[in-house]
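Pasting a predicted model and its sequence here:
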Amino acid sequence: MTGGTQKHEIAEEQEQVTLLYDRLDVLRERAAADLRRVLGEQTTGTDQALGERESLTTLYSRRHTQLSSVERGLCFGRVDNADESRFHVGRIGLFDDDYEPLLIDWRAPAAQVFYRATAANPLGATRRRHIQLHHRTVVGVDDDLLDLDGISDRSSLTGEAALLASVASNRTGRMKEIVATIQSEQDEIVRSGLPGVLVVQGGPGTGKTVVALHRAAYLLYTHREQLSEKGVLVVGPNSTFLRYIDQVLPSLGETDVMLSTAGELFPGVVGTAVESAAATRLKGDLAMVDVVARAVRDFQLVPDEPIAIKIGGYRLQLKPAVVRKLGERARRRDDRHNQARRHFARGVIEELTQQVVNQVGGRYMGEEDVADLRKEVREDDLVRSVINQLWPELTPEPVVALLLSSRERLASAAPHLSEAELALLLRSRDSAWAQSDVPLLDEAAELLGEPESAIQERAAAAAAETAAVRENLEYMKTVVKEELDAGSDRITLMPWEIEQFIGQAANRNRVRDPLATIVERAYGDRSWQFAHVIVDEAQELSAMEWRTLMRRCPRRSMTLVGDVAQTGSEAGTGSWAEVLDRYAPKRWRTEELTVNYRTPAQIMAVAADVLAAINPSLTPPTSVRETGAAPWSQVVAPEAFDSALVEAVLAEQEAVGDGRLAVIVPSSRHAALTALLAAKVPGIAYGPDPSVLDATTVVLDVAQSKGLEFDGVLIADPGAIIADSGRGLSDLYVAVTRSTRRLGVLASGELPAVLAGTTTR
Ligand SMILES: Nc1ncnc2c1ncn2[C@@H]1O[C@H](COP(=O)(O)OP(=O)(O)OP(=O)(O)O)[C@@H](O)[C@H]1O
């Protein structure tokens, strides 16, 4: 394109872009006015009228938030078709007052051509244009010509200029959305069908995380009705990572998504306590299923001696054999401890009642007399206390806490573990929970069932709620129909919003918590079943964590993204088939991402050597760009290491300039090196708190750096990183691939052979 043509094209696009922003302003003002009106309205004060107002408030404020979230980069593309028609693609769909499309939502089927068309397969298009905006001004256009001339184009990237500009920019500490530059192989994953489990395998920096998040936005848009009621769960490796990604979906206008670590999947518990890798591995093993089952069973006691009970002058007794028989019968009736307890209690009461009947000479007792007697037995304090001792009502936390704090209980429940292994698991009763405890709690909750009192409360609440929802549904249908028929502007709904609005309004949870969003309700409810679950860094989950997670998604509509070469946890996953053939046989599929958008080729060449040492059959992804800075290494004597590290950090800070620097340290030296750098380098951040993302220089161990990226990375003592864990090489691979621009390595004593590709200083 010549300078003159470019100017002309920019002016032409500016006209369209101005029109789109004008439309956005009108819609935003309308939503704000709708909101003001509803908030200012008097209602009759009935439950239903309040519910209606609440629903309208939610609708209008959501609409307003969504319209505000798309301000930056509203329109980013245009497609010209062979039939001379054309359309613009943007972050949201916009229509004029006659519902004529002005802008096509990037998720709409029509927009697919923008991401997928190539010169070889143009899908009916002749041109794809990327439009760059600065605020509301068009500052550039960049065209891919999708005709025969374009075939000679060496690049298979779409919108190469926009893509390269995006990946080369300085990191901000937060992941950003990539709607304007999604690549064809990524788009296929984003738009892949909802059912079944989709595994996205890809090397570091291939966009697995960002693609999974765009897929969430796509699925919510395309299957809104199916997904919005139960919500989408996104599971990430730690809270820093969740903070790193937490702006992506809101910036795409989506809020019905719950972000969680695997350590938070049991309501009321946050598993963050640090434990040894060996303990994590033991607790992540599927053998723990039987351990927890036996631990629960160990609360169902059979006495060694008969228990004597006196009721109303009669001497009764519970013999061990009888208790055993009643226990077996109860377990056959229900396999959940708390539910089986009811049958056990009934059995005990019946046994004691019969003993009295026999002593009285029961033949002469009428049914009513027996019933009175049974009641007396049931209400007897001693009988109750005996039942509680033999078969107590239980909740998960004390069961797991007792198990892990009692050598005797642990040895009885885990006969397969050696003394040394038992010692690894033992800890004090009031210790904080670790992430690996969460699946044990979940397992216990499954085996225990809810206590009877909780079930009754829940049933009553559910019945009241169903009735309220049914009543609300009828009411909302009538209100919306009347208002729309009358042409009132009180309820402004697009035709496609009507059904969903009525459903949501009726579903407002009037009984339990009227204002709770789906995310809030899901968060507090262990039995909540999500419509879709996305797991990032999925390779880190242990076998026990998979079990917990699968309970949250019985429909098995899931997207799992990860890289088995990056597995750091010793309890983590080595193969997708191993996990998924168990939980979703024949219902899972794999897609691969092959291009690395983060790490430049020079650094990736170093990473490739590390990968080859992990497993020579694995292929590293191809970098999309090269940069000038060659990765460097320096070897210093162990006694000179600390001062050399401080110097290297200061020098790298200078070299990254306005960018962000991460110093990745071995976990075994984390505390010492953090203390050193905190004392010697001003403004340095460290630790598991997500606020580290706001700092320009951070000290992290490899686990804390998972999924993140920085302009510069300095690896301290790579030999110790390798030696620290059974998966040390994978950890080094993760560390090397966190950088977008610069990589430095400071080795203590000697440079590990796998890093020989760096330039020595
Ligand atoms: N199509 C794209 N356009 C612009 N940037 C992209 C694109 N795809 C990926 N990126 C950028 O590349 C970087 C790496 O992406 P992401 O973190 O999702 O990779 P990943 O595969 O999850 O990496 P890892 O496994 O190492 O954690 C991010 O900065 C992301 O924004």
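Received it, and whenever you're ready, just let me know what you need. Numbers count the residues shown, from 1 in each chain.

quick one: A321 and V302, what's the gap?
Computed with Cβ to Cβ, to the nearest Å, the distance linking A321 and V302 is 9 Å. Glycine gets a C-beta too; all of them are placed from N, C-alpha and C.

And T206, by the same measure?
58 Å.

the more surrounded of the two?
The neighbour count for T206 versus V302, taken as other Cβ atoms under 10 Å, is higher for T206 (27 against 15).

Go ahead and confirm that one touches M604.
No: in this structure, T206 is not within contact of M604 by Cβ atoms under 8 Å, at 11.2 Å.

residues contacting the residue of the stretch 301-450 of the chain found nearest the ligand?
Closest to the ligand within the stretch 301-450 of the chain is Q435: 18.9 Å, counting by Cβ to the nearest ligand atom. For Q435, the contact set (Cβ atoms under 8 Å, 6 or more residues apart in numbering) comprises 261-263, 271-272, 280.

Out of those residues, give me the one that has the most neighbours.
Within these, most neighbours by other Cβ under 10 Å means A262, with 26 neighbours.

Could I get the contacting residues of it?
Per Cβ under 8 Å, 6+ apart, neighbours of A262: 235, 237, 271, 435, 438, 540-541, 545, 548-549.

Where helices are concerned, which of the residues you listed count?
Here DSSP state H is the test, and these give 438, 545, 548-549 as lying in helices.

pLDDT for those - can I get that in JSON lines?
Formatted as JSON lines, the ones in helices among the contacts of A262 follow (pLDDT from 0 to 100):
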{"residue": "V438", "pLDDT": "97"}
{"residue": "E545", "pLDDT": "97"}
{"residue": "T548", "pLDDT": "97"}
{"residue": "L549", "pLDDT": "96"}
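
Scan these and report the most crowded one.
Of those, with other Cβ under 10 Å as the count, E545 tops at 27 neighbours.

Where does pLDDT dip in the stretch 551-700 of the chain?
For the stretch 551-700 of the chain, applying pLDDT under 70 flags no range at all.

Can you name the residue of it nearest to the ligand?
Closest contact between the stretch 551-700 of the chain and the ligand, by Cβ to the nearest ligand atom, is at Y597 (3.5 Å).

wouldn't that residue be in contact with T209 here?
No: with contact defined as Cβ under 8 Å, Y597 does not reach T209; the gap is 11.2 Å.

what do these two both touch?
Between them, Y597 and T209 share no contacting residue, judged by Cβ under 8 Å, 6+ apart.

got the contact list for A630?
Counting by Cβ under 8 Å, 6+ apart, A630 has contacts 602, 758-759.

What are the boundaries of the helices in the stretch 451-600 of the chain?
Here the stretch 451-600 of the chain has its helices, by DSSP state H, counting those that start in this stretch, at 452-485, 498-507, 518-523, 543-551, 576-583.

Now the third one: buried residues?
When you say that, I think you mean helix 518-523. 518-519, 521-523 (16 or more other Cβ atoms under 10 Å).

Likewise for stretch 728-745?
Residues of stretch 728-745 classed as buried by neighbour count (16+ other Cβ under 10 Å): 728-745.

Tell me the residues on the stretch 201-350 of the chain that lie near the ligand, please.
Neighbours of the ligand within the stretch 201-350 of the chain, by Cβ under 6 Å from any ligand atom: 202, 204-210.

again, only this time at 8 Å
Residues of the stretch 201-350 of the chain lying close to the ligand by Cβ under 8 Å from any ligand atom are 202-212.

Now do the lowest-mean-pLDDT helix or strand in the chain and helix 452-485, the angle between them.
None of the helices or strands of the chain scores lower by mean pLDDT, DSSP states H and E than helix 498-507, at a mean of 71. Put simply, helix 498-507 runs at 140 degrees to helix 452-485, going by axes from the mean of the first three to the mean of the last three Cα atoms, to 10 degrees.

Report the backbone C-alpha coordinates of helix 498-507 in PDB.
Extracted in PDB, the C-alpha atoms of helix 498-507 (Å, rounded to 0.1, in the frame of the first residue of the first chain):
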ATOM      1  CA  ILE A 498     -36.300 -12.000  26.200                       C
ATOM      2  CA  GLU A 499     -36.300 -15.700  27.100                       C
ATOM      3  CA  GLN A 500     -33.000 -15.500  29.000                       C
ATOM      4  CA  PHE A 501     -34.100 -12.400  30.900                       C
ATOM      5  CA  ILE A 502     -37.400 -14.100  32.000                       C
ATOM      6  CA  GLY A 503     -35.500 -17.200  33.000                       C
ATOM      7  CA  GLN A 504     -32.900 -15.300  35.000                       C
ATOM      8  CA  ALA A 505     -35.400 -13.000  36.600                       C
ATOM      9  CA  ALA A 506     -37.500 -15.900  37.700                       C
ATOM     10  CA  ASN A 507     -34.500 -17.800  39.000                       C
END
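
Can you spell out which helices and strands pack onto that helix?
If you count contacts as 3 or more Cβ pairs under 8 Å, 6 or more residues apart in numbering; DSSP states H and E, helix 498-507 packs onto helix 47-69, helix 224-228, helix 452-485.
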